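Engineer: model the structure of this input:
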Amino acid sequence: MDVTEVLLSAQVIDSTIRKHAEETLKQFQEQNFPGFLISLSGELANEEKPVESRKLAGLILKNRLDAKEQHRKFELVQKWLSLDVAVKSQIKACLLQTLSSASSDARSTASQVIAKVAGIELPQKQWPELIGSLLSNVHQVPPHVKQATLETLGYLCEEVVPEVVDQDQVNKILTAVVQGMNANEGNIEVRLAATRALYNALGFAQANFSNDMERDYIMRVVCEATLSPEVKIRQAAFECLVSIGSTYYDKLAPYIQDIFNITSKAVREDEEPVALQAIEFWSSICDEEIDILEEYGGDFTADSDVPCYYFIKQALPALVPMLLETLLKQEEDQDQDEGAWNLAMAGGTCLGLIARTVGDDIVPLVMPFIEENITKSDWRQREAATYAFGSILEGPLPDKLTPIVNVALSFMLTALTNDPSSHVKDTTAWTLGRIFEFLHGSTVETPIITPANCQQIITVLLQSMTDAPNVAEKACGALYFLAQGYEDVGSTSPLTPYFQQIVQSLIDVTRREDAGESRLRTAAYETLNEVVRSSTDETARLVVELVQVIMAELHSTLETQKLSSDEREKQNELQGLLCGCLQVIIQKLGASEPTKYAFMQYADQVMTLFLRVFACRSATVHEEAMLAIGALAYVAGPNFAKYMPDFYKYLEMGLQNFEEYQVCAVTVGVVGDICRALEDKILPYCDGIMTLLLKDLSSNQLHRSVKPPIFSCFGDIALAIGENFEKYLMYAMPMLQSAAELSVHTSGVDDEMIEYTNLLRNGILEAYSGIFQGFKNSPKTQLLIPYAPHILQFLDSMYMEKDMDDVVMKTAIGVLGDLADTLGSNAGALIQQSLSSKDFLNECLSSEDHLIKESAEWARCLAAVFDEMSPHVILVLPARRVVMKSVPVRQIRFHYT
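Structural biologist: Presented below is the predicted three-dimensional model:
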């Protein structure tokens, strides 16, 4: 087979030829995988072959080493590791050879493939000679070899974790990279590759940044690179500075003045890609200081591990004017382009972060700019002033802002109505939304919205919802936050007199022909949802009437036939929004008996619509419809049983949807909702559900995020069917035990893994809790005794690890109480043998979290009673209050983009 010819044919326009070539490659891979990889690497390395076939060969090779999906990535890694050593050596030799190619495309592709192989082999202590081999290349005379090698080192640092490379090799990599960045490096491509490589290598430089001399040298070279004549090098150097600001914040003090001078010059004078990174540096410093101040509450001592250096506060007098200048550099079409990002937007974003970092101190520095520009004839000045005001509304105390807002509000409402510039209207509506988000609500002492201005505000917002799509979308956002501020208002809401008008206006927006632009239709439905959520009993009748309106809208989407793929996608999106709206309405009406009764007259029709939506088989619609059915089950209670025969097949489909794992996760949650609704009426369906859940847990294809809710779902099922869960114990308990053992070994893992581990632990604990509570007062509680020692050992292990979050701690102490409550007199001796139950209990009793403390008090009472009583004593104790899980509520946040 001529591989070159097949690779070229796989890139032609003619679909017949292309598909035949793709099928040929697929067959070659399946019949002789080692030979397939050798052929690809040989093609990539062969200078006589066309660039197009070489590039595709490298790309296919790279895709046989890595994948986005974790299960697929694992399979590919294992497949590579299982190859014969001679085969791998031949492939790696070809890859290294390609770094000397005259073709830049071939070199770049080889760099990426080498890094992928390194990402697999270096953690396995394989290919130990790679880094040494690459470093020897750096000293090669041909600049293109040096450039390709530096690019490879950069990709390698991106692929592997620092622990895999020993410090001596890290030092040599950094030396090679920093030397390549030096101003006396004559080749631009070499210097650019080195600068980009440093960006990826910075995570490896912990020890080097702790050494004053080495740190000084790295910082000097990076700062020099920001002054390079080449734009791409300057941009890459500023990207390095951004990363240094985030990674080595505590080492920046000696350099911060020089960095300010460099970034200030870049923001004012350099080309936009460079200036954007210069602004990003200060945004990254804000992020660091916000995190430190939130975590430590500003309570620092000289010995603090993570001190706050208050770089932003010190730079404030010079930093704010520099950023305010950027606000005047808007682009004409930025409001229509959803992906727009320019100097003005970056400057405003950074200004917002500064406001969150320094609070009140920013207000006097920004107000003169606002006052000077807000009434100017040039739209750019008016828009910049409005944007500046909106940007500083989060951070300063309400007392500082409220007097200013009270003066500005009437002016802004007029601008939103009358300003000739769509840009100004857009930003004004966004700023009003920010005012309502941060300065309006039950926690704000001085109300911004009063009986005197409420009608004007609503009138202006509803009028603006008929404006251009970008302005209307921001007006919806403002109304969203206005309504949200009244969620806890009580029995009477200031929005009640306008409720019908608001709802009708939002429905009208969703029907606009241009509602697909600027996310307008989505914003209108999300705002409608929030208006419903924040409504009171005064408007319950109108919410009930809204059910018919949304049902009619949903029904009309189901009648349309013969749609193009684009039209089908839009229809699916609309159905998702309508199902989401019905979910919110169902939750609202289900919150009290009279409104629940009023809704239930439509329940059959609503369920029929949801079942028809499932037939569309779109992931988005499927997910939204499933969430809505969860809400319906919660409201319908035992009456939901009549829908199960028709709905069950869709439940099965959802539980088997590995590809769209969010759908699977939502379906698992809905199983829990149905269990709580039907209780033991769910029993006829449990064999099928448990089989699918166990299959999900055993699958390498299913995304790991779905597995914690599956364990939790075991608890929901056990709680619903009680002792009938007996037949599943022999399958569920080993699964729980295996997962529990995996979840207690978390030392040395990253924050993301710790977060996932706590989710997993909580799911396991919720399963144990549901099983114990389900078997309580049953003659079959003895069946659980063999599992109790392992559960107590799991609790001991988690306590010893000292990395439980508050949610896990509360669930864990609840499980200890459930164990004592269900096993009764058998629990005392088991708890006595536990290594740390008493210490854990005491720690929870002294917790500041009242829920943890409450659960601990309950558990202590039970443990103490059963520890001391005779096995023959029968004691009746109050049952533990089971906390019902709430149905997920969809939320949206509006952002200025």
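
Engineer: for residue 566, grab the count of nearby residues.
Structural biologist: Neighbour count for residue 566, taken as other CB atoms under 10 Å: 8. For every residue, glycine as well, the C-beta is placed using N, CA and C.

Engineer: likewise for residue 172?
Structural biologist: Neighbour count for residue 172, taken as other CB under 10 Å: 17.

Engineer: SS state for the nearest residue to it once chain neighbours are set aside?
Structural biologist: Leaving out its chain neighbours, the residue that sits closest to residue 172 by CB to CB, 6 or more residues apart in numbering is residue 135, at 5.4 Å. Here residue 135 is recorded as helix under DSSP: H, G, I helix; E, B strand; the rest coil.

Engineer: in contact with residue 332, which residues?
Structural biologist: The contact partners of residue 332, taken as CB atoms under 8 Å, 6 or more residues apart in numbering, number zero.

Engineer: and it, which of the three is it?
Structural biologist: From three-state DSSP, the assignment for residue 332 is coil.

Engineer: ok so, going back, can you get me a residue count around the residue nearest to residue 172?
Structural biologist: Residue 135, neighbours per other CB under 10 Å, totals 16.

Engineer: next: residue 293.
Structural biologist: For residue 293, the count of nearby residues is 18 (other CB under 10 Å).

Engineer: tell me which residues touch it, please.
Structural biologist: Going by CB under 8 Å, 6+ apart, residue 293 touches 308, 357.

Engineer: chain center to the helix or strand containing it: distance?
Structural biologist: Per DSSP states H and E, residue 293 falls inside helix 272-296. Its chain's C-alpha centre and that of helix 272-296 lie 20 Å apart, by CA atoms, centre = their mean, to the nearest Å.

Engineer: cool, stretch 510-525 as well?
Structural biologist: On the basis of CA atoms, centre = their mean, stretch 510-525 sits 25 Å off its chain's mean C-alpha point.

Engineer: so what touches that stretch?
Structural biologist: The contact list for stretch 510-525, computed with CB under 8 Å, 6+ apart, reads 336, 338, 465, 469-470, 472-473, 476-477, 480, 506, 509, 528, 553, 570, 573-574, 577-578, 580-581, 892, 894.

Engineer: try stretch 717-734
Structural biologist: Stretch 717-734 is contacted from outside by 671, 675-676, 678-680, 682-683, 686, 689-690, 694, 714, 767, 770-771, 773-775, 778-780, 783-784, 787, 882, using CB under 8 Å, 6+ apart.

Engineer: in helices only, show me those.
Structural biologist: Under the assignment DSSP state H, the contacts of stretch 717-734 contribute 671, 675-676, 678, 683, 686, 689-690, 694, 714, 767, 770-771, 773-775 to helices.

Engineer: what's the closest of those to residue 658?
Structural biologist: The shortest gap between residue 658 and any of the ones in helices among the contacts of stretch 717-734 belongs to residue 694, at 14.3 Å (CB to CB).

Engineer: tell me who's in contact with the closest one.
Structural biologist: For residue 694, the contacting residues are 731-732, 735, by CB under 8 Å, 6+ apart.

Engineer: filter the residues you listed to the buried ones?
Structural biologist: The neighbour count (16 or more other CB atoms under 10 Å) marks 732, 735 as buried among those.

Engineer: show me the shaky parts of the protein.
Structural biologist: 298-306, 334-339, 618-621, 746-750, 862-897 (pLDDT under 70).

Engineer: residue nearest the centroid of it?
Structural biologist: Central residue of the chain (CA atoms, centre = their mean): residue 752, 11.0 Å from the mean position.

Engineer: quick one: the closest residue to residue 782 other than its chain neighbours from residue 737, how far?
Structural biologist: Nearest non-adjacent residue to residue 782, counting by CB to CB, 6+ apart: residue 826, 7.9 Å away. For residue 826, the distance to residue 737 (CB to CB, to the nearest Å) stands at 19 Å.

Engineer: just residue 829 next, same as before
Structural biologist: Separation of residue 829 from residue 737 (CB to CB): 21 Å.

Engineer: so between the two, which is more surrounded?
Structural biologist: residue 737 (16 against 11).

Engineer: how would you label the residue nearest to residue 782: helix, strand or coil?
Structural biologist: For residue 826, the secondary structure call by three-state DSSP comes out as helix.

Engineer: and it, how many neighbours?
Structural biologist: 17.

Engineer: my guess is it meets residue 784, correct?
Structural biologist: No - counting by CB atoms under 8 Å, residue 826 stays clear of residue 784, with 9.2 Å between them.

Engineer: how about the helices in the stretch 751-897 of the chain?
Structural biologist: With helices called from DSSP state H, counting those that start in this stretch, the stretch 751-897 of the chain shows them at 751-775, 788-801, 806-823, 827-833, 837-845, 850-868.

Engineer: tell me what angle the second one forms with helix 751-775.
Structural biologist: In terms of direction (axes from the mean of the first three to the mean of the last three CA atoms, to 10 degrees), helix 788-801 departs from helix 751-775 by 150 degrees.

Engineer: number of residues surrounding the residue lying closest to residue 263 once chain neighbours are set aside?
Structural biologist: Nearest residue to residue 263 in three dimensions, chain neighbours excluded: residue 278, at 4.0 Å (CB to CB, 6+ apart). By other CB under 10 Å, the residues close to residue 278 number 26.

Engineer: mind listing what residue 278 touches?
Structural biologist: Counting by CB under 8 Å, 6+ apart, residue 278 touches 238, 262-264, 266-267, 270.

Engineer: hmm, which two among those residues are most spread apart?
Structural biologist: With CB to CB as the measure, no two of those lie farther apart than 238 and 264, at 12.4 Å.

Engineer: between these two, which has more neighbouring residues?
Structural biologist: Counting neighbours by other CB under 10 Å for residue 238 and for residue 264 shows that residue 238 has the greater number, 28 against 17.

Engineer: helix, strand, or coil at the more buried one?
Structural biologist: Here residue 238 is helix, with the state taken from three-state DSSP.

Engineer: how about it: what's its closest non-neighbour residue?
Structural biologist: With CB to CB, 6+ apart, the residue lying closest to residue 238 is residue 277, at 3.5 Å.
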